[in-house]
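A.B. asks: Kindly generate the corresponding structure for this input.
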Amino acid sequence: MSSPPAVTPSFMSHWVNSRCAKAFWSQNELPPYRRLLADTLAWLNPQAGERWLDLGCGGGQLTRSIWERSAGTVAEVVALDCAVTNGEAIARLRERLLPTATPSRVRFVHGDFSDGLAACRDGSFDGVVSGLAIQYAESYSTELGRWTTEAYDRLLEEVYRVLRPGGRFVFSVNVPEPAWIKIALYGVPGFFTSRKPLRFFRNSMRMLRYGRWLKEEARLGRFHYLPAATITAKLARAGFAAVESRLSFVRQAYIFRGWKAAEAARSVDAPRSVAATQH
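C.D. replies: Numbers count the residues shown, from 1 in each chain. You can find the predicted model right below:
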């Protein structure tokens, strides 16, 4: 008799849970996260008329930053996330943006980028941004009986596909074995400056708890805290050119920027060589 077919195990994911999503809405109050956001923004440079995609948008800090940095002149920001409740955050954010954003110009799309970006047309975005999110693209092989990097690698290829020639991809990912406690300690001043310190403390404790889960799953190969050299090589295989990286987030995250190769050399903002700086 033949063996029964392998069955994909059922793995819990906190990311789709509203409680987990809401815990990260206030992470912008953490000084290390504000540094990461500032370092990321330094590489975005959104221009009037551009279309942007925010992968794993969470509470919408990068979506908001793109809009405000461009003074509301970008054509559109699409905020994509696997947690439905983050759509509420984007809706509330849209009401606070100045100049006022319409639902057609700042909009939320519910989706799991582990499955790719099939809903996005080829060359439809000038920029793609992601903050500490794409490392959670997950894929399990029933044939091999383990987690693989297939979804992660496919997502990089998909981002390249949906970018126009000369478009850029700016994203942050955690370093291997991130020290969450270090981030928490550097975030202590946020407790004293927060308008709601008890909420800040509660959410910080939740983020630490979720952080333990993330590291455990990463050790199993489900999530991907990879060395900078490995990520650079993956971006090159996906087609990106002029890739550069830097450390931020109290040295617990890398920020990367790469350009769609076909026009990278002619883009006025494209760096001429790979650079690496550290914060």
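
A.B. asks: hey, let's count contacts and neighbours off CA atoms from now on
C.D. replies: OK.

A.B. asks: Quick check: Ile231 vs Asp122, distance?
C.D. replies: In this structure, Ile231 lies at 23 Å from Asp122, with C-alpha to C-alpha, to the nearest Å as the measure.

A.B. asks: Break down this protein into its strands, ranges please.
C.D. replies: Counting by DSSP state E, the chain has strands at residues 51-55, 76-81, 106-110, 125-131, 139-141, 146-148, 163-174, 240-248, 253-260, 276-278.

A.B. asks: now the fourth one: mean pLDDT?
C.D. replies: Think strand 125-131. For strand 125-131, mean pLDDT is 98.

A.B. asks: Of Ile231 and Asp122, which one has the most company?
C.D. replies: Between Ile231 and Asp122, counted using other C-alpha atoms under 10 Å, the more crowded position is Ile231 (20 against 15).

A.B. asks: Hmm, Phe125 and Arg51 touching each other?
C.D. replies: Yes - look at Arg51 against Phe125 with C-alpha atoms under 8 Å: they come within range, at 5.0 Å.

A.B. asks: more crowded one of those two?
C.D. replies: Applying other C-alpha under 10 Å to Arg51 and Phe125 shows that Phe125 carries more neighbours, namely 24 against 20.

A.B. asks: can you pull up the bridge partners for that one?
C.D. replies: On the basis of DSSP bridges, Phe125 is bridged to Leu163.

A.B. asks: Would you mind measuring from it to Leu155?
C.D. replies: Using C-alpha to C-alpha, Phe125 is found at 15 Å from Leu155.

A.B. asks: before we move on, what about Ala261?
C.D. replies: According to C-alpha to C-alpha, Ala261 and Leu155 sit 17 Å apart.

A.B. asks: Buried residues of stretch 95-114, list them for me.
C.D. replies: Within stretch 95-114, the residues that count as buried by 16 or more other C-alpha atoms under 10 Å are Leu97, Ala101, Arg105, Val106, Arg107, Phe108, Val109, Gly111, Asp112, Phe113, Ser114.

A.B. asks: can you check stretch 48-66 too?
C.D. replies: Going by neighbour count (16+ other C-alpha under 10 Å), the buried part of stretch 48-66 is 50-66.

A.B. asks: just stretch 141-154 next, same as before
C.D. replies: By neighbour count, and taking 16+ other C-alpha under 10 Å as the criterion, the buried residues in stretch 141-154 are Trp147, Thr148, Thr149, Ala151, Tyr152, Asp153, Arg154.

A.B. asks: The third one touches Glu138, doesn't it?
C.D. replies: So that's Thr149. Yes - between Thr149 and Glu138 there is a contact under C-alpha under 8 Å: 7.1 Å.

A.B. asks: Sketch out the low-pLDDT regions of the chain for me.
C.D. replies: 1-10, 186-207, 262-279 (pLDDT under 70).

A.B. asks: quick one, helices of this protein?
C.D. replies: Taking DSSP state H as the test, the helices found in the chain are 18-23, 31-41, 61-69, 86-96, 150-162, 180-186, 188-193, 197-219, 228-238, 261-264.

A.B. asks: Among those, which comes closest to Gln252?
C.D. replies: Of all these, helix 180-186 sits nearest to Gln252, with 7.8 Å by C-alpha to C-alpha.
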